[in-house]
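*Asks:* Take this sequence and fold it.
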Amino acid sequence: MSWIKDNTFAVALGSATLVGVILISLTGFKGAARYQQAKDDFEAAKDEASGFEALPLYPRPENRDGKGKALEDYRAATESLQAAFERFRPTDLKNVSPQDFTNQLKAVNADVRKAFDDSGTKVPDLFFCGFENYKTSLILGKATGILTYELGGIKTLMLALAQSGASSLQNFYRPSLPEEDGREYAVQESDVARPLPFEMTFSGPEKAVRAFLSAILKQEKHYVIIRSVAVNNSKKDPPRLGDAKFEKPTTKSPSSIDDIFPNGGFVLPGEEPKPADKKAAPTAPTAPRAPTAPTATPAAAAPTVIPATPTAAVLTATPAVTDSSRILTQVLGNEEVQVFLRLDLMQFLPAKKLP
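*Replies:* Here you go, the predicted model:
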């Protein structure tokens, strides 16, 4: 204890040195840990960057130029597509008064019913082009613009159905739009067209179905998408033998067997008819031969009758039975089919300005 008092400076210097060594050691350990952590992070980032560089679309100059060209091509294709659908885009959906829309609806319904009457197509008594709710009431004024456009598309399709030769329109359903209830249609940012759906069921022959489906695809002012179609045959059972009808022969049938087979249908040996003649022609008399001594003959036996084999000449002499068109009429395909369609009349929105 006296030594520490006698060497106070040395003790203080040694203590300070020990504390400094401890602090330096701690600082070094912490620095080494931070360095190792930084090294590990650098190696991980390097590996990740190497993986990105191995990708085919890494942002190199050549890839950047290729991406720019692809974007320009996509932009041109998008503008071309918008231009192609320009003729289906309604220019102005101007609202009219409720009474004017009702008058227009009645006129369209009258034209459609007249077309159905002229073509013989039956329609339900309550049919009113899908606007049955407005037979006795007026629509909201803010909805007349979009409904006028929808009414024009429905009229075009109904006239096409009448021209197709369909036998009956059994059902036509048009769901109400939000504007009819006083609401607004919410347009999404990515929407380019608005669907106006409706459903219909009709019956007719197969050719009428083909004609109507073709008419849907050939619309000039309206673009219609077939969402679903169901076809049912009116005949559930397969065709029977009685469904086939044969045509009566138009030529005269042979009157007797002599017209088909000469000599009553039988010939004796050595008397076969020649191919050119149906009956044996008379022969000229021959000179008499000198008499010869009679020879013994066996008892007269009945001649053997051999049935005649029809030759080519005999077969060709048979009148041919000809048919004017077809012997067997078409059995399949004459029945009617019932068709259910779910359609969307597309209202194309204003063309989007590309960035």
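
*Asks:* What ranges does the stretch 1-150 of the chain have for its helices?
*Replies:* Per DSSP state H, counting those that start in this stretch, the stretch 1-150 of the chain carries helices over the ranges 2-6, 8-53, 61-84, 98-119, 144-164.

*Asks:* deepest of these, which one?
*Replies:* Counting by mean count of other CB atoms under 10 Å, helix 144-164 has the highest mean neighbour count of the helices of the stretch 1-150 of the chain, with a mean of 21. Using the backbone N, CA and C atoms, a C-beta is placed for each residue, glycine as well.

*Asks:* Quick one: mean pLDDT over that helix.
*Replies:* Helix 144-164 shows a mean pLDDT of 95.

*Asks:* about what we covered before: distance to Gly130 added to the helices of the stretch 1-150 of the chain, as TSV?
*Replies:* Shown next, in TSV, are the helices of the stretch 1-150 of the chain (distance: least, CB to CB, whole Å):
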stretch	distance to Gly130
helix 2-6	111
helix 8-53	57
helix 61-84	29
helix 98-119	10
helix 144-164	6
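
*Asks:* among the ones you listed, which is nearest Leu138?
*Replies:* Comparison of the helices of the stretch 1-150 of the chain against Leu138 by CB to CB identifies helix 98-119 as nearest, at 3.9 Å.

*Asks:* Now do the closest one against helix 144-164, angle only.
*Replies:* 0 degrees (axes from the mean of the first three to the mean of the last three CA atoms, to 10 degrees).

*Asks:* residues in contact with helix 98-119?
*Replies:* The contact list for helix 98-119 (CB atoms under 8 Å, 6 or more residues apart in numbering) reads 96, 122-123, 127-129, 131, 134, 138-141, 144, 147-148, 151, 154-155, 158-159, 162-163, 165-166, 169.

*Asks:* that older thread, the helices of the stretch 1-150 of the chain: which one's closest to Phe212?
*Replies:* Taking the helices of the stretch 1-150 of the chain one by one with CB to CB, helix 144-164 is closest: 4.1 Å.

*Asks:* Which strands and helices lie in contact with that closest one?
*Replies:* helix 98-119, strand 193-204, helix 206-217, strand 337-348 (3 or more CB pairs under 8 Å, 6 or more residues apart in numbering; DSSP states H and E).

*Asks:* could you check the angle helix 206-217 makes with that helix?
*Replies:* Between the axes of helix 144-164 and helix 206-217, defined by the same axes, to 10 degrees, the angle is 150 degrees.

*Asks:* Let me see the contact set for Ile139.
*Replies:* So Ile139 contacts 98, 101-102, 147, 180 (CB under 8 Å, 6+ apart).

*Asks:* run the last query once more with 7 Å
*Replies:* 98, 101, 147, 180 (CB atoms under 7 Å, 6 or more residues apart in numbering).

*Asks:* and if you look at Gln347?
*Replies:* 90, 149, 193-194, 196.

*Asks:* okay if I get these as JSON lines plus distance to Ala33?
*Replies:* As requested, those are exported to JSON lines (distance: CB to CB, whole Å):
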{"residue": "Pro90", "distance to Ala33": "71"}
{"residue": "Tyr149", "distance to Ala33": "73"}
{"residue": "Ala193", "distance to Ala33": "62"}
{"residue": "Arg194", "distance to Ala33": "63"}
{"residue": "Leu196", "distance to Ala33": "69"}
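
*Asks:* Between which two of these is the distance greatest?
*Replies:* Tyr149 and Ala193 (12.4 Å).

*Asks:* with the contacts of Ile139 in mind, which one is nearest to Phe42?
*Replies:* Glu180 (65.5 Å).

*Asks:* Count the neighbours of the closest residue in space to that closest one that isn't next to it in sequence for me.
*Replies:* Nearest residue to Glu180, sequence neighbours excluded (CB to CB, 6 or more residues apart in numbering): Ala143, at 5.0 Å. Ala143: 21 surrounding residues under other CB atoms under 10 Å.

*Asks:* ok, now Thr121?
*Replies:* Thr121: 23 neighbours (other CB under 10 Å).

*Asks:* Can you get me the start-to-end distance on stretch 211-229?
*Replies:* End-to-end distance for stretch 211-229: 15 Å, by CA to CA, to the nearest Å.

*Asks:* Surely Ser164 and Ala211 touch.
*Replies:* Yes: Ser164 is in contact with Ala211 according to CB atoms under 7 Å; the separation is 3.9 Å.

*Asks:* Give me the common contacts of those two.
*Replies:* With CB under 7 Å, 6+ apart, Ser164 and Ala211 have no common neighbours.

*Asks:* any idea how far Asn109 is from Leu217?
*Replies:* 25 Å (CB to CB, to the nearest Å).

*Asks:* right, I mislabeled it, should have said Val192
*Replies:* In terms of CB to CB, Val192 sits 32 Å off from Asn109.

*Asks:* now Glu86
*Replies:* Distance from Glu86 to Asn109, by CB to CB: 30 Å.

*Asks:* Return the helix or strand in this protein with minimum mean pLDDT.
*Replies:* Least confident helix or strand of the chain, by mean pLDDT, DSSP states H and E, is helix 312-316 with a mean of 43.

*Asks:* Now do stretch 51-61: distance to the chain's middle.
*Replies:* 43 Å (CA atoms, centre = their mean, to the nearest Å).

*Asks:* Ok, stretch 136-147 next?
*Replies:* Distance, centroid of stretch 136-147 to centroid of chain: 35 Å (CA atoms, centre = their mean).

*Asks:* How about stretch 111-128?
*Replies:* The answer for stretch 111-128 is 27 Å, by CA atoms, centre = their mean.
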